[in-house]
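J.: everything below, folded, please.
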Amino acid sequence: MPQGHALPRFLHPFAKPTREQFITVARGEGARIYDAAGNEYIDGMASLWYCAIGHGRREMADAIARQITTIEAYSAFDPFTTRVADELCERISALSPLVDSRVFLCNSGSEAVDSAMKLARLAHVQAGRPERTLIISRGRGYHGTNYGGTSAQGIPPNRAGYGPLVGDVIHVEPDDIEGLAKVMADNSERLAAVISEPVQGAGGVYPPTEGYLQHLRKLCDQHGAYLIFDEVITAFGRLGTWFGAQHYGVTPDLLTFAKAVTSGYQPLGGVIVAKSVREPIEADGAFLLRHGYTYSGHATACAAALANLDIMEREGLLERAVHIGRRLESGLGALAADGTIDHARGRVAVWAAGHLPGVDPFVVRDRMLAAGSITRALNTDTNSFCPPLVITDAELDRLIDTFATVTTAVVREAAL
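T.: Numbers count the residues shown, from 1 in each chain. A predicted model of the protein is given here:
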């Protein structure tokens, strides 16, 4: 490092620890953010897949302030609860496809995934099946960065360097349903669960192949395994429905959520628990659930979620997601048709551009930033788009036009 330069005290997530300079985000409004130097950016990623209702909404600030000045938070460990946590869980359960479900609350998607994995194994133990500990995950799947989710990661670099991970977690090829069926058959007596994103997000935005999720549900039923849907990205409107499970018509036993449940205005995550899982853990009246977090059911986070859901319903953002998806599909599809990118892939309001050989998605990202638009670089060949559901058509056009201009230039340079 050059003499006289100091690293920031903030050790950033998913960044090189030696990086010195970052873009300082100062404020946001709708689908735009502004840095400390006053530069404007179209937010093509809803921050990190989550800000459905857009940035800087006074209604959210007011709802959060009202809750904080009433009771900011209180432990939800036995024997306490709050009305706002109870109301939120009732509402999420009613919106979900899991009939007569309950909702476990935590603080993030990573915690939600670890909670779902633990609940799956625990339910088997409580049902008299302690040998059922094996959890199967698909390649490319991103399931957070706690130890359970890291173990379930289908992105090998994200597992590297952390020593022994959680045992009895194995990975299968992401689209090979026949290969998965064989692994399940070979391990039928010890299967606890299979975990899958409805649309694989951080692994590159890969929708499932036709019928994959339906077949997966049948295999889980056949072998007595629970099906976990990791909906940290797809829940709360991204696929034009409240949950990706509804979009695909497949109902899991456990469903994780986070991100868009509050649009990021407060940290919140959770697990929706179907009857198939809740009944075993409720069967013994003396059983104590020894799992939870200090901030499970955090009152202010729950108030933010309720206000966020109100906005989404009132402004018709699920329907808006479908419209956004059509424009993204059209714009990226045109770039694929004229050879600017190799292909486009996605579903409803989450899309990715797969680049031609030689095109570096991080170069594309950085040049787009310089031009005032945000995309996320994934893997070695992908840029993704997951904008706030309040983005205007004009802002979407600017986002795609900037991507097209930048990518055309990078493709030309790569060919020289």
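J.: confirm Ala192 sits in a helix?
T.: No - counting by DSSP: H, G, I helix; E, B strand; the rest coil, Ala192 falls outside a helix, being strand.
J.: could you report the neighbour count for it?
T.: By the measure other Cβ atoms under 10 Å, the count of residues near Ala192 is 26. In this view, the C-beta of every residue, glycine as well, is placed from N, C-alpha and C.
J.: same thing with the one 10 residues further on?
T.: Ala202 is surrounded by 23 other residues when neighbours are defined as other Cβ under 10 Å.
J.: now Ser151
T.: Neighbours of Ser151 (other Cβ under 10 Å): 23.
J.: and the residue nearest to Leu332 when sequence neighbours are not counted, what does it touch?
T.: Nearest residue to Leu332, sequence neighbours excluded (Cβ to Cβ, 6 or more residues apart in numbering): Ala344, at 3.6 Å. By Cβ atoms under 8 Å, 6 or more residues apart in numbering, the contact list for Ala344 reads Glu329, Leu332, Gly333, Leu335, Ala336, Trp351, Ala352, Ala353, Gly354.
J.: what about those residues, which are in strands?
T.: Trp351, Ala352, Ala353, Gly354 (DSSP state E).
J.: highest neighbour count among these?
T.: Highest neighbour count within these: Ala353, with 30 neighbours (other Cβ under 10 Å).
J.: and the residue nearest the centre of this protein?
T.: Ile233 (2.5 Å; Cα atoms, centre = their mean).
J.: hmm, back to that, in the helix or strand hosting the residue nearest to Leu332, what's buried?
T.: Assigned by DSSP states H and E, Ala344 falls within strand 343-347. Neighbour counts over strand 343-347 (16 or more other Cβ atoms under 10 Å) mark Ala344, Arg345, Gly346, Arg347 as buried.
J.: now, which of those sits nearest Thr408?
T.: Ranked by distance to Thr408 (Cβ to Cβ), the buried residues of strand 343-347 are led by Ala344 at 15.3 Å.
J.: show me what that closest one is bridged to.
T.: Applying DSSP bridges to Ala344 yields these beta-bridge partners: Ala353.
J.: now do the contacts for Ala274.
T.: Leu98, Val99, Ser101, Thr251, Pro252, Asp253, Leu254, Leu255.
J.: so which of these are in helices?
T.: Among these, no residue falls in helices (DSSP state H).
J.: ok, and the closest non-adjacent residue to Gly358?
T.: Going by Cβ to Cβ, 6+ apart, Gly358 has Ala414 as its nearest residue, at 3.7 Å.
J.: can you get me a residue count around the one you found?
T.: 14.
J.: what's the answer for Tyr142, then?
T.: 23.
J.: what's the distance between the residue nearest to Leu332 and Thr405?
T.: 17 Å (Cβ to Cβ, to the nearest Å).
J.: likewise for Gly237?
T.: 30 Å.
J.: who has more neighbours, those two?
T.: Higher neighbour count among Gly237 and Thr405: Gly237, with 25 against 15, using other Cβ under 10 Å.
J.: any idea how far that one is from Gln246?
T.: Applying Cβ to Cβ to Gly237 and Gln246 gives a distance of 11 Å.
J.: now do Gly144, the pLDDT please.
T.: You'll see Gly144 listed with a pLDDT of 97.
J.: with Gln214 instead?
T.: 98.
J.: one more: His5?
T.: pLDDT, His5: 66.
J.: with the one 4 residues further on instead?
T.: Among the per-residue scores, Arg9 shows a pLDDT of 96.
J.: ok, it - contacts?
T.: No contacts exist for Arg9 under Cβ under 8 Å, 6+ apart.
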